[in-house]
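K.L.:
need a 3D model of the sequence below.
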Amino acid sequence: MKFLCVSDQVDPLVYSTSVQERYKDIDAVFCAGDLEMEYVDFIVSALGKPTFFIFGNHDLSDFHLYSKHHEQSEQLSPMTEMEKSHGGDYVSNKVIRCKNLTFKNSNGKETPLLIAGVSGSIRYNDGEDQYTNTQMFFQLLALAPSLIWNKMRYGRYCDVFLTHASPRHIHDREDPCHKGFKCFNWFIKRFKPALLIHGHIHLYDLQAPRVTVSGETTVVNAFSHIVIDFKGYSEYKKGESLGSVISILSDR
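P.N.:
Model prediction:
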């Protein structure tokens, strides 16, 4: 199963008339925030693949349509799920079981891809979609019942955790805007997603790391674009890191 992951920057390799040919073998797309929704719309229309998105701390013109915490203007009429969907699935503060994206688990049985996500960055100027570590921790706690149900039903909590910010001390920076969330490290340790996809950290230095294994989770910076080959769990051996079932195809 191959994932196209994008964030923070419109990539000319993706926003192209040749996108269908270049990414014809992609199974799903993950958008990790700070992208105009017109770009997400283009990806959905051009590739016709399941697309999952969250918001970052910029490009928030449509955030009020999705956020429960946003006080919507009285001049704006409520939009239906169809009108606001942009053809993609909004993952923030949700757990999604994708029965149209399946693979074989370690027992050889077909199983859906399990996805969870949260939007936003660390709070640095009281802007929209910014949270303290404590606020984000409570958002993660709200996901716990669905994740525990996944564990009982499928034998694992989560396959893909989609975020905008990174975990603290993994790919993040020390300026107030780009620090990661400490609670994401807790989430990794407690719920062991095979893959954490984030954005927010721009990669202008070619030597900067964009893939890090933490415990049983492979953390990937989706800045601009990256392609991931998720092999599923049939190749996973007990005692190995789940990172062993993930390959990065970053030269696509």
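
K.L.:
going forward, measure contacts between C-alpha atoms and count neighbours the same way
P.N.:
OK.

K.L.:
which residues make contact with stretch 140-155 from outside it?
P.N.:
Residues from elsewhere that reach stretch 140-155 (Cα atoms under 8 Å, 6 or more residues apart in numbering): 93, 94, 95, 111, 114, 116, 118, 156, 157, 158, 187, 191.

K.L.:
quick check: pLDDT value at residue 63.
P.N.:
Residue 63 is assigned 87 on the pLDDT scale.

K.L.:
do the same with residue 81
P.N.:
In this prediction residue 81 is given a pLDDT of 49.

K.L.:
one step back: specify which member of the contacts of stretch 140-155 is nearest to residue 177.
P.N.:
Comparing the contacts of stretch 140-155 against residue 177 with Cα to Cα picks out residue 118 as the nearest, at 17.1 Å.

K.L.:
mind listing what residue 1 touches?
P.N.:
So residue 1 contacts 26, 27, 103, 229, 230, 231, 232 (Cα under 8 Å, 6+ apart).

K.L.:
one more pass at 7 Å, please.
P.N.:
The contact partners of residue 1, taken as Cα atoms under 7 Å, 6 or more residues apart in numbering, are 27, 229, 230, 231.

K.L.:
can you check residue 137 too?
P.N.:
Residue 137 touches residue 183, counting by Cα under 7 Å, 6+ apart.

K.L.:
going forward, begin numbering at 56 instead of 1
P.N.:
Sure, I'll start numbering at 56, so the last one becomes residue 192.

K.L.:
assign a three-state SS to it, would you?
P.N.:
helix (DSSP: H, G, I helix; E, B strand; the rest coil).

K.L.:
narrow the contacts of stretch 195-210 to those in helices?
P.N.:
Secondary structure from DSSP state H places 242, 246 of the contacts of stretch 195-210 in helices.

K.L.:
which pair in the contacts of stretch 195-210 spans the largest distance?
P.N.:
166 and 173 (23.1 Å).

K.L.:
bridged to residue 186, which residues?
P.N.:
Residue 186 forms beta bridges with residue 177, as assigned by DSSP bridges.

K.L.:
so who does it touch?
P.N.:
Counting by Cα under 7 Å, 6+ apart, residue 186 has contacts 176, 177, 178.

K.L.:
of residue 166 and residue 173, who's got more company?
P.N.:
A direct count of neighbours by other Cα atoms under 10 Å for residue 166 and residue 173 places residue 173 higher, at 25 against 19.

K.L.:
test my guess that that one contacts residue 218.
P.N.:
Yes. Checked against Cα atoms under 7 Å, the pair residue 173 and residue 218 is within contact range at 5.3 Å.

K.L.:
that older thread, output the contacts of stretch 195-210 in a markdown table, with pLDDT and distance to residue 71 appended to each entry.
P.N.:
As requested, the contacts of stretch 195-210 are exported to a markdown table (pLDDT from 0 to 100; distance: Cα to Cα, whole Å):
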| residue | pLDDT | distance to residue 71 |
| --- | --- | --- |
| 148 | 96 | 31 |
| 149 | 95 | 31 |
| 150 | 97 | 31 |
| 166 | 90 | 33 |
| 169 | 96 | 30 |
| 171 | 97 | 29 |
| 173 | 97 | 29 |
| 211 | 92 | 37 |
| 212 | 96 | 36 |
| 213 | 95 | 32 |
| 242 | 98 | 36 |
| 246 | 97 | 37 |
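
K.L.:
okay then, goodbye and thanks.
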